[in-house]
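# Provided below for reference: sequence and predicted model.
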Amino acid sequence: MNVQRIASLWMFLFLIINLYAQKDYVPAPENLKNREWFQDAKFGLFIHWGVYSELAGGGDYGIAEWIMNQKKIPVKLYEKLPTFFNPTQFDPKEWVSMVKNAGMKYIVITSKHHDGFAMYGSKVSNYNVVDRTPYGKDVIKMLKDECDRQGIKLFFYHSQLDWHHPDYFPRGNTGQGYTGRPESGDWNKYLDYMNAQLTELLTNYGEVGGIWFDGMWDKWDAPWRLDETYALIHKLQPGALIGSNHHKAPFPGEDFQMFERDLPGENTMGFNQTGTISELPLEMCETMNGSWGFNLIDQDYKSSKQLIQTMVKAAGYGANFLLNTGPMPNGKIQPENVDTLMIMGKWMNKYGETIYGTRRGPIKPTTWGATTQKDNKVWIHVLDCKDDYLFIGKLPKKIKSAVFFDDRSKVSFKETEYGTILNLPAIKKQKVDTIIEIEL
Ligand code: JFZ
(Lines give C-alpha, C1' and ligand atoms only; values in the text may rest on other atoms or scores of the structure.)
Protein backbone atom coordinates (compact mmCIF):
# COMPACT_ATOMS: atom_id res chain seq x y z
CA MET A 1 0.00 0.00 0.00
CA ASN A 2 1.29 3.45 -0.79
CA VAL A 3 1.48 6.24 1.74
CA GLN A 4 -1.63 7.96 0.44
CA ARG A 5 -3.74 4.84 0.78
CA ILE A 6 -2.56 4.29 4.33
CA ALA A 7 -3.27 7.92 5.13
CA SER A 8 -6.78 7.79 3.74
CA LEU A 9 -7.45 4.53 5.55
CA TRP A 10 -6.49 6.22 8.80
CA MET A 11 -8.69 9.19 7.94
CA PHE A 12 -11.57 6.82 7.34
CA LEU A 13 -11.09 5.06 10.68
CA PHE A 14 -10.76 8.41 12.37
CA LEU A 15 -14.07 9.56 10.87
CA ILE A 16 -15.85 6.40 11.99
CA ILE A 17 -14.59 6.81 15.53
CA ASN A 18 -15.65 10.42 15.57
CA LEU A 19 -19.13 9.45 14.45
CA TYR A 20 -19.40 7.48 17.65
CA ALA A 21 -18.18 10.23 19.97
CA GLN A 22 -20.39 12.66 21.89
CA LYS A 23 -20.81 15.04 18.96
CA ASP A 24 -22.77 17.95 20.36
CA TYR A 25 -21.22 17.90 23.79
CA VAL A 26 -21.33 21.16 25.71
CA PRO A 27 -19.52 20.85 29.04
CA ALA A 28 -21.63 21.78 32.07
CA PRO A 29 -20.59 24.72 34.26
CA GLU A 30 -19.34 22.33 36.97
CA ASN A 31 -17.31 20.52 34.34
CA LEU A 32 -15.65 23.75 33.27
CA LYS A 33 -14.99 24.53 36.92
CA ASN A 34 -13.39 21.13 37.43
CA ARG A 35 -11.25 21.62 34.33
CA GLU A 36 -9.82 24.74 36.00
CA TRP A 37 -9.32 22.81 39.23
CA PHE A 38 -7.59 20.07 37.26
CA GLN A 39 -5.23 22.52 35.60
CA ASP A 40 -4.44 24.12 38.94
CA ALA A 41 -3.80 20.74 40.60
CA LYS A 42 -0.78 19.80 38.43
CA PHE A 43 0.34 16.69 40.29
CA GLY A 44 -1.42 13.38 40.91
CA LEU A 45 -0.76 9.75 41.81
CA PHE A 46 -1.56 6.96 39.37
CA ILE A 47 -2.19 3.59 41.03
CA HIS A 48 -2.08 0.27 39.17
CA TRP A 49 -3.31 -2.29 41.64
CA GLY A 50 -5.01 -5.59 40.93
CA VAL A 51 -4.67 -9.35 41.28
CA TYR A 52 -1.79 -9.18 38.77
CA SER A 53 0.19 -7.45 41.53
CA GLU A 54 0.46 -10.87 43.20
CA LEU A 55 2.57 -12.22 40.34
CA ALA A 56 4.87 -9.18 40.51
CA GLY A 57 5.82 -9.55 36.86
CA GLY A 58 6.67 -13.23 37.20
CA GLY A 59 10.41 -12.54 37.24
CA ASP A 60 10.28 -10.81 33.89
CA TYR A 61 11.40 -7.27 33.46
CA GLY A 62 8.70 -5.43 31.55
CA ILE A 63 5.73 -7.55 32.63
CA ALA A 64 3.23 -6.49 35.26
CA GLU A 65 -0.47 -5.77 34.75
CA TRP A 66 -0.17 -7.35 31.28
CA ILE A 67 0.97 -10.72 32.64
CA MET A 68 -2.27 -12.52 31.78
CA ASN A 69 -1.80 -11.68 28.13
CA GLN A 70 1.98 -11.84 27.94
CA LYS A 71 2.18 -15.25 29.64
CA LYS A 72 -1.00 -16.47 27.94
CA ILE A 73 -2.77 -17.40 31.17
CA PRO A 74 -6.27 -18.80 30.50
CA VAL A 75 -9.21 -17.17 32.28
CA LYS A 76 -9.80 -20.33 34.31
CA LEU A 77 -6.31 -20.26 35.81
CA TYR A 78 -6.12 -16.50 36.15
CA GLU A 79 -9.31 -16.73 38.20
CA LYS A 80 -7.29 -18.44 40.93
CA LEU A 81 -5.45 -15.21 41.63
CA PRO A 82 -8.37 -13.49 43.40
CA THR A 83 -8.77 -16.51 45.70
CA PHE A 84 -5.54 -15.54 47.46
CA PHE A 85 -5.60 -11.77 47.05
CA ASN A 86 -5.49 -10.62 50.65
CA PRO A 87 -3.97 -7.15 51.14
CA THR A 88 -4.22 -7.18 54.92
CA GLN A 89 -1.77 -4.30 55.24
CA PHE A 90 -3.76 -1.96 53.00
CA ASP A 91 -4.17 1.29 54.90
CA PRO A 92 -5.98 3.93 52.85
CA LYS A 93 -5.09 6.57 55.41
CA GLU A 94 -1.42 5.84 54.87
CA TRP A 95 -1.82 6.02 51.08
CA VAL A 96 -3.73 9.28 51.07
CA SER A 97 -1.44 10.90 53.65
CA MET A 98 1.51 9.94 51.47
CA VAL A 99 -0.23 11.52 48.49
CA LYS A 100 -0.86 14.73 50.42
CA ASN A 101 2.71 14.89 51.68
CA ALA A 102 3.92 14.43 48.12
CA GLY A 103 2.03 17.58 47.17
CA MET A 104 -0.32 15.62 44.95
CA LYS A 105 -3.94 16.74 44.57
CA TYR A 106 -5.60 13.70 43.04
CA ILE A 107 -5.40 9.96 42.55
CA VAL A 108 -6.27 7.86 39.51
CA ILE A 109 -6.77 4.20 40.48
CA THR A 110 -7.53 1.14 38.40
CA SER A 111 -11.19 0.26 38.98
CA LYS A 112 -10.75 -2.41 36.29
CA HIS A 113 -7.68 -3.13 34.20
CA HIS A 114 -7.46 -5.22 31.01
CA ASP A 115 -7.71 -8.44 33.05
CA GLY A 116 -11.36 -7.53 33.69
CA PHE A 117 -11.17 -7.87 37.47
CA ALA A 118 -13.11 -5.14 39.29
CA MET A 119 -11.32 -3.72 42.31
CA TYR A 120 -14.65 -2.62 43.79
CA GLY A 121 -17.90 -4.28 44.84
CA SER A 122 -19.70 -4.62 41.53
CA LYS A 123 -23.22 -6.00 41.41
CA VAL A 124 -23.25 -6.66 37.67
CA SER A 125 -20.44 -9.20 37.91
CA ASN A 126 -19.06 -11.14 40.83
CA TYR A 127 -15.60 -11.01 39.26
CA ASN A 128 -14.62 -8.39 41.81
CA VAL A 129 -12.60 -7.85 44.94
CA VAL A 130 -15.53 -8.17 47.35
CA ASP A 131 -16.98 -11.40 46.01
CA ARG A 132 -13.88 -13.30 44.91
CA THR A 133 -11.12 -12.55 47.42
CA PRO A 134 -10.54 -13.59 51.03
CA TYR A 135 -10.04 -9.90 51.79
CA GLY A 136 -13.67 -9.30 50.82
CA LYS A 137 -13.59 -5.52 51.20
CA ASP A 138 -14.25 -2.82 48.62
CA VAL A 139 -10.79 -1.26 48.42
CA ILE A 140 -12.01 1.49 46.10
CA LYS A 141 -14.69 2.47 48.59
CA MET A 142 -12.16 2.50 51.42
CA LEU A 143 -9.84 4.68 49.38
CA LYS A 144 -12.63 7.02 48.28
CA ASP A 145 -13.80 7.59 51.87
CA GLU A 146 -10.28 8.48 52.91
CA CYS A 147 -9.82 10.75 49.87
CA ASP A 148 -12.99 12.59 50.89
CA ARG A 149 -11.69 12.96 54.44
CA GLN A 150 -8.37 14.39 53.27
CA GLY A 151 -9.62 16.46 50.33
CA ILE A 152 -8.07 14.45 47.51
CA LYS A 153 -10.02 13.85 44.28
CA LEU A 154 -10.33 10.29 43.04
CA PHE A 155 -10.49 9.31 39.37
CA PHE A 156 -11.08 5.83 38.00
CA TYR A 157 -8.89 4.23 35.39
CA HIS A 158 -11.31 1.97 33.55
CA SER A 159 -10.24 -0.44 30.84
CA GLN A 160 -12.50 -0.67 27.82
CA LEU A 161 -10.49 -3.67 26.73
CA ASP A 162 -11.39 -6.84 28.66
CA TRP A 163 -9.54 -10.18 28.53
CA HIS A 164 -12.05 -11.88 30.81
CA HIS A 165 -15.55 -11.01 29.65
CA PRO A 166 -16.87 -13.53 27.08
CA ASP A 167 -18.83 -10.90 25.19
CA TYR A 168 -15.75 -8.86 24.40
CA PHE A 169 -16.07 -10.35 20.93
CA PRO A 170 -14.92 -10.23 18.18
CA ARG A 171 -11.59 -9.97 20.00
CA GLY A 172 -9.14 -7.22 19.31
CA ASN A 173 -5.37 -7.38 19.00
CA THR A 174 -4.91 -8.91 22.45
CA GLY A 175 -6.60 -11.51 24.63
CA GLN A 176 -7.11 -13.95 21.76
CA GLY A 177 -7.13 -17.73 21.84
CA TYR A 178 -5.32 -18.57 25.04
CA THR A 179 -8.03 -17.15 27.33
CA GLY A 180 -10.26 -20.13 26.64
CA ARG A 181 -13.32 -18.01 26.00
CA PRO A 182 -15.83 -19.23 23.38
CA GLU A 183 -15.25 -17.90 19.89
CA SER A 184 -18.57 -16.11 20.01
CA GLY A 185 -20.12 -13.31 21.98
CA ASP A 186 -22.35 -10.28 21.84
CA TRP A 187 -20.35 -7.05 21.58
CA ASN A 188 -23.30 -4.88 22.53
CA LYS A 189 -23.84 -6.94 25.64
CA TYR A 190 -20.25 -6.25 26.60
CA LEU A 191 -20.73 -2.52 26.17
CA ASP A 192 -23.93 -2.67 28.23
CA TYR A 193 -21.91 -4.41 30.94
CA MET A 194 -19.16 -1.80 30.77
CA ASN A 195 -21.68 1.02 30.98
CA ALA A 196 -23.39 -0.71 33.91
CA GLN A 197 -20.08 -0.88 35.77
CA LEU A 198 -19.41 2.76 35.01
CA THR A 199 -22.87 3.58 36.31
CA GLU A 200 -22.01 1.83 39.57
CA LEU A 201 -18.75 3.74 39.87
CA LEU A 202 -20.47 7.05 39.23
CA THR A 203 -23.43 6.35 41.51
CA ASN A 204 -22.13 4.51 44.57
CA TYR A 205 -18.94 6.39 45.37
CA GLY A 206 -20.02 10.00 45.69
CA GLU A 207 -18.49 12.68 43.53
CA VAL A 208 -15.54 11.41 41.55
CA GLY A 209 -12.87 13.37 39.67
CA GLY A 210 -13.51 11.60 36.42
CA ILE A 211 -12.93 8.54 34.27
CA TRP A 212 -9.54 7.72 32.74
CA PHE A 213 -10.27 5.36 29.87
CA ASP A 214 -7.83 3.00 28.25
CA GLY A 215 -8.01 0.17 25.74
CA MET A 216 -9.81 1.43 22.65
CA TRP A 217 -6.60 0.88 20.74
CA ASP A 218 -7.20 -2.87 21.08
CA LYS A 219 -10.05 -2.64 18.56
CA TRP A 220 -9.92 0.56 16.58
CA ASP A 221 -12.65 -0.42 14.17
CA ALA A 222 -15.16 -1.50 16.81
CA PRO A 223 -18.41 0.40 17.34
CA TRP A 224 -17.55 1.58 20.85
CA ARG A 225 -20.77 3.59 21.28
CA LEU A 226 -18.61 6.31 22.77
CA ASP A 227 -21.40 8.85 22.41
CA GLU A 228 -23.57 6.80 24.72
CA THR A 229 -20.86 6.07 27.28
CA TYR A 230 -19.62 9.65 27.43
CA ALA A 231 -23.17 11.03 27.62
CA LEU A 232 -23.98 8.56 30.39
CA ILE A 233 -21.02 9.71 32.45
CA HIS A 234 -21.76 13.38 31.90
CA LYS A 235 -25.39 12.78 32.80
CA LEU A 236 -24.59 10.94 36.03
CA GLN A 237 -21.88 13.41 37.05
CA PRO A 238 -21.69 16.46 34.80
CA GLY A 239 -18.55 17.56 36.60
CA ALA A 240 -16.63 14.32 36.01
CA LEU A 241 -13.76 14.76 33.59
CA ILE A 242 -13.37 12.20 30.82
CA GLY A 243 -10.02 11.40 29.28
CA SER A 244 -8.92 8.46 27.15
CA ASN A 245 -5.53 6.93 26.50
CA HIS A 246 -6.17 6.36 22.81
CA HIS A 247 -3.09 8.37 21.83
CA LYS A 248 -5.01 10.42 19.27
CA ALA A 249 -6.37 13.94 19.26
CA PRO A 250 -9.30 14.16 21.74
CA PHE A 251 -12.73 12.96 20.57
CA PRO A 252 -15.86 15.01 21.25
CA GLY A 253 -17.08 14.43 24.78
CA GLU A 254 -13.60 14.23 26.29
CA ASP A 255 -12.60 16.82 28.84
CA PHE A 256 -8.85 16.46 28.90
CA GLN A 257 -6.08 15.16 26.69
CA MET A 258 -3.50 12.73 27.96
CA PHE A 259 -0.02 11.73 26.91
CA GLU A 260 1.50 8.41 27.95
CA ARG A 261 5.10 8.59 29.13
CA ASP A 262 5.81 11.58 26.89
CA LEU A 263 5.58 15.31 27.18
CA PRO A 264 2.67 16.82 25.22
CA GLY A 265 3.30 16.56 21.51
CA GLU A 266 6.42 14.41 21.90
CA ASN A 267 6.70 10.82 20.79
CA THR A 268 9.81 9.19 22.18
CA MET A 269 7.84 6.07 23.21
CA GLY A 270 6.11 5.48 19.88
CA PHE A 271 2.62 5.63 21.46
CA ASN A 272 1.56 9.12 20.51
CA GLN A 273 -0.25 9.14 17.17
CA THR A 274 -0.99 12.83 16.95
CA GLY A 275 1.01 16.02 16.87
CA THR A 276 -2.07 17.82 18.11
CA ILE A 277 -1.92 19.46 21.49
CA SER A 278 -5.53 20.46 22.06
CA GLU A 279 -6.83 23.42 24.03
CA LEU A 280 -8.29 21.00 26.58
CA PRO A 281 -6.53 20.53 29.92
CA LEU A 282 -3.51 18.26 29.50
CA GLU A 283 -1.99 15.45 31.48
CA MET A 284 1.13 13.36 31.13
CA CYS A 285 1.45 10.03 32.94
CA GLU A 286 4.77 8.47 33.83
CA THR A 287 6.16 5.47 35.68
CA MET A 288 8.69 5.62 38.52
CA ASN A 289 10.58 2.62 37.13
CA GLY A 290 9.58 0.93 33.87
CA SER A 291 6.39 -0.72 35.11
CA TRP A 292 2.84 0.31 35.94
CA GLY A 293 1.80 -2.63 38.09
CA PHE A 294 4.12 -4.02 40.78
CA ASN A 295 7.21 -5.66 39.28
CA LEU A 296 9.61 -7.33 41.67
CA ILE A 297 12.80 -7.06 39.65
CA ASP A 298 12.35 -3.71 37.94
CA GLN A 299 14.94 -1.60 39.72
CA ASP A 300 15.15 0.93 36.94
CA TYR A 301 14.02 3.78 39.18
CA LYS A 302 14.08 7.29 37.89
CA SER A 303 15.71 9.74 40.27
CA SER A 304 13.57 12.29 42.07
CA LYS A 305 15.56 14.93 40.20
CA GLN A 306 14.59 13.44 36.86
CA LEU A 307 10.94 13.16 37.87
CA ILE A 308 10.76 16.71 39.23
CA GLN A 309 12.34 18.03 36.06
CA THR A 310 9.82 16.14 33.92
CA MET A 311 7.00 17.49 36.07
CA VAL A 312 8.34 21.02 35.61
CA LYS A 313 8.55 20.55 31.86
CA ALA A 314 5.01 19.17 31.81
CA ALA A 315 3.89 22.26 33.76
CA GLY A 316 5.68 24.33 31.13
CA TYR A 317 3.22 22.86 28.63
CA GLY A 318 0.38 23.51 31.07
CA ALA A 319 0.12 19.76 31.64
CA ASN A 320 -0.44 17.80 34.83
CA PHE A 321 2.03 15.15 35.89
CA LEU A 322 0.38 11.85 36.85
CA LEU A 323 3.07 9.74 38.48
CA ASN A 324 2.50 6.03 38.93
CA THR A 325 3.03 3.52 41.69
CA GLY A 326 2.19 -0.19 41.64
CA PRO A 327 1.29 -1.19 45.19
CA MET A 328 2.35 -4.63 46.40
CA PRO A 329 -0.17 -7.43 46.94
CA ASN A 330 -0.04 -6.92 50.70
CA GLY A 331 -1.43 -3.42 50.24
CA LYS A 332 1.81 -1.56 50.91
CA ILE A 333 3.38 0.95 48.54
CA GLN A 334 6.90 -0.01 47.43
CA PRO A 335 9.29 1.69 49.89
CA GLU A 336 11.44 3.06 47.03
CA ASN A 337 8.38 4.87 45.71
CA VAL A 338 7.47 6.19 49.15
CA ASP A 339 10.96 7.71 49.39
CA THR A 340 10.76 9.32 45.96
CA LEU A 341 7.35 10.81 46.71
CA MET A 342 8.61 12.24 49.99
CA ILE A 343 11.48 14.01 48.24
CA MET A 344 9.16 15.35 45.56
CA GLY A 345 6.80 16.55 48.26
CA LYS A 346 9.57 18.51 49.94
CA TRP A 347 10.40 20.15 46.64
CA MET A 348 6.72 20.96 46.00
CA ASN A 349 6.40 22.39 49.47
CA LYS A 350 9.15 24.87 48.73
CA TYR A 351 8.51 25.64 45.07
CA GLY A 352 4.81 24.83 44.66
CA GLU A 353 3.92 28.47 44.06
CA THR A 354 5.69 28.23 40.70
CA ILE A 355 3.71 25.10 39.69
CA TYR A 356 0.23 24.94 41.26
CA GLY A 357 -2.35 27.20 39.71
CA THR A 358 -0.02 28.14 36.87
CA ARG A 359 -0.55 27.78 33.14
CA ARG A 360 1.95 27.17 30.38
CA GLY A 361 4.54 29.92 30.24
CA PRO A 362 5.32 32.31 27.40
CA ILE A 363 8.38 30.34 26.30
CA LYS A 364 7.86 26.74 25.23
CA PRO A 365 9.78 24.06 27.16
CA THR A 366 13.16 23.47 25.58
CA THR A 367 16.56 21.95 26.32
CA TRP A 368 17.44 24.39 29.11
CA GLY A 369 14.08 24.21 30.90
CA ALA A 370 10.54 25.55 30.93
CA THR A 371 8.39 28.50 31.95
CA THR A 372 5.14 28.73 33.91
CA GLN A 373 2.95 31.74 34.62
CA LYS A 374 0.17 33.13 36.73
CA ASP A 375 -1.21 36.65 36.25
CA ASN A 376 1.72 38.98 35.58
CA LYS A 377 4.29 36.61 37.08
CA VAL A 378 6.43 34.30 34.98
CA TRP A 379 8.71 31.66 36.43
CA ILE A 380 11.75 30.66 34.40
CA HIS A 381 12.72 27.13 35.42
CA VAL A 382 16.33 26.56 34.49
CA LEU A 383 16.89 22.82 34.57
CA ASP A 384 20.09 22.58 32.59
CA CYS A 385 22.51 25.43 31.98
CA LYS A 386 26.25 25.11 32.39
CA ASP A 387 27.06 28.69 31.38
CA ASP A 388 26.82 31.92 33.36
CA TYR A 389 24.52 33.41 30.76
CA LEU A 390 21.29 32.00 29.38
CA PHE A 391 19.45 33.26 26.33
CA ILE A 392 15.75 32.54 26.85
CA GLY A 393 14.14 34.08 23.80
CA LYS A 394 11.42 36.69 23.68
CA LEU A 395 9.03 37.48 26.49
CA PRO A 396 5.69 39.07 25.56
CA LYS A 397 6.35 42.21 27.62
CA LYS A 398 9.16 44.20 29.20
CA ILE A 399 10.49 42.88 32.50
CA LYS A 400 9.60 44.93 35.59
CA SER A 401 11.66 42.87 38.00
CA ALA A 402 13.58 39.58 38.07
CA VAL A 403 14.70 37.74 41.21
CA PHE A 404 15.96 34.31 42.12
CA PHE A 405 13.05 32.48 43.72
CA ASP A 406 15.28 30.97 46.41
CA ASP A 407 16.75 34.07 48.05
CA ARG A 408 14.85 36.89 46.34
CA SER A 409 18.15 38.40 45.17
CA LYS A 410 18.10 40.39 41.93
CA VAL A 411 18.87 38.70 38.65
CA SER A 412 20.77 40.82 36.20
CA PHE A 413 19.46 40.58 32.67
CA LYS A 414 19.60 42.24 29.31
CA GLU A 415 16.68 42.59 26.93
CA THR A 416 17.73 42.61 23.30
CA GLU A 417 15.77 42.72 20.07
CA TYR A 418 16.18 38.92 19.84
CA GLY A 419 15.16 38.15 23.39
CA THR A 420 16.37 38.22 26.97
CA ILE A 421 19.71 37.13 28.40
CA LEU A 422 19.88 36.20 32.08
CA ASN A 423 22.99 36.18 34.19
CA LEU A 424 23.13 32.98 36.26
CA PRO A 425 26.22 32.89 38.46
CA ALA A 426 27.20 29.36 39.49
CA ILE A 427 26.65 30.20 43.15
CA LYS A 428 22.95 30.86 42.50
CA LYS A 429 22.31 27.58 40.70
CA GLN A 430 20.21 24.87 42.28
CA LYS A 431 20.74 21.15 41.65
CA VAL A 432 17.27 20.43 40.32
CA ASP A 433 15.69 23.67 39.15
CA THR A 434 16.96 27.23 39.37
CA ILE A 435 13.85 29.37 39.38
CA ILE A 436 13.77 33.00 38.36
CA GLU A 437 10.64 34.94 39.14
CA ILE A 438 9.86 37.65 36.67
CA GLU A 439 7.22 40.32 36.88
CA LEU A 440 6.00 41.61 33.56
C1 JFZ B 1 -1.83 1.38 28.70
C2 JFZ B 1 -2.05 0.06 29.39
O3 JFZ B 1 -2.05 -0.98 28.46
C4 JFZ B 1 -1.01 -0.15 30.46
O5 JFZ B 1 -1.19 -1.37 31.12
C6 JFZ B 1 -1.09 0.99 31.45
O7 JFZ B 1 -2.33 0.95 32.14
C8 JFZ B 1 -0.93 2.31 30.73
C9 JFZ B 1 -1.14 3.50 31.61
O10 JFZ B 1 -1.85 2.42 29.66
O11 JFZ B 1 -0.60 1.38 28.01
C12 JFZ B 1 -0.52 1.33 26.66
C13 JFZ B 1 -1.62 1.23 25.88
C14 JFZ B 1 -1.48 1.15 24.51
C15 JFZ B 1 -0.25 1.18 23.92
C16 JFZ B 1 0.87 1.31 24.71
C17 JFZ B 1 0.73 1.36 26.08
N18 JFZ B 1 -0.15 1.14 22.52
O19 JFZ B 1 -1.16 0.96 21.83
O20 JFZ B 1 0.97 1.27 21.99
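Received it, and whenever you're ready, just let me know what you need. Residues are numbered from 1 along each chain as shown.

# I'd say residue 168 and residue 185 touch.
Yes. Applying C-beta atoms under 8 Å as the test, residue 168 and residue 185 come out as touching, 6.7 Å apart. For the C-beta atoms, the positions are set from N, CA and C on the backbone; glycine is no exception.

# Look at the two and report which has more neighbours.
Under the neighbour definition other C-beta atoms under 10 Å, residue 168 and residue 185 were set side by side, and residue 168 has more, 29 against 16.

# Please read off the pLDDT at the more buried one from the model.
Reading off the per-residue confidence, residue 168 sits at a pLDDT of 98.

# and it, what helix or strand is that in?
With elements taken from DSSP states H and E, nothing contains residue 168; it lies in neither a helix nor a strand.

# Tell me how many other residues crowd the residue lying closest to it once chain neighbours are set aside.
If the residues on either side of it in the chain are set aside, residue 168 comes closest to residue 162, at 4.4 Å by C-beta to C-beta, 6 or more residues apart in numbering. Using other C-beta under 10 Å, residue 162 is surrounded by 24 other residues.

# OK, now which residue of the stretch 1-150 of the chain is nearest to the ligand?
Residue nearest to the ligand within the stretch 1-150 of the chain: residue 65 (4.8 Å; C-beta to the nearest ligand atom).

# isn't there a strand covering that residue?
No. Secondary structure assignment places residue 65 outside any strand; it is coil (DSSP: H, G, I helix; E, B strand; the rest coil).

# Hmm, it is touching residue 112, no?
No. With contacts defined as C-beta under 8 Å, residue 65 does not count as touching residue 112, sitting 11.1 Å away.

# Could you identify the helix or strand that succeeds the host helix or strand of residue 202?
Element membership for residue 202 (DSSP H and E) is helix 187-203. Past helix 187-203, heading to the C-terminal end, the next element that is a helix or strand (DSSP H and E) is strand 210-214.

# Following that following strand in sequence, what is the next regular element?
Using DSSP H and E, the next helix or strand after strand 210-214 towards the C-terminus is helix 226-236.

# can you list contacts of stretch 370-381?
Counting contacts by C-beta atoms under 8 Å, 6 or more residues apart in numbering, the residues outside stretch 370-381 that touch it are 312-313, 315-317, 354-355, 357-363, 365, 369, 383, 392, 395, 400, 405, 422, 433-440.

# same thing but at 6 Å, please
Surrounding stretch 370-381, the residues in contact under the criterion C-beta atoms under 6 Å, 6 or more residues apart in numbering are 312-313, 315-316, 354, 357-358, 361, 363, 369, 433, 435-440.

# Among these, which ones are in strands?
Restricting those to those inside strands, with DSSP state E as the criterion, leaves 369, 435-439.

# Show me which of those are buried.
The neighbour-count test (16 or more other C-beta atoms under 10 Å) marks 369, 435-438 as buried among the ones in strands among the contacts of stretch 370-381.

# neighbouring contacts of stretch 405-423?
Contacts for stretch 405-423 (C-beta under 6 Å, 6+ apart): 389-395, 402-404, 435-437.

# Filter those residues down to just the buried residues.
In terms of neighbour count (16+ other C-beta under 10 Å), the buried residues within those are 390, 392, 395, 402, 404, 435-437.

# Just give me the closest of the residues you listed to residue 90.
Proximity to residue 90 was ranked across these by C-beta to C-beta; first place goes to residue 435, at 37.7 Å.

# What are the neighbouring residues in contact with residue 50?
Residues near residue 50 by C-beta under 6 Å, 6+ apart: 110, 113, 117.
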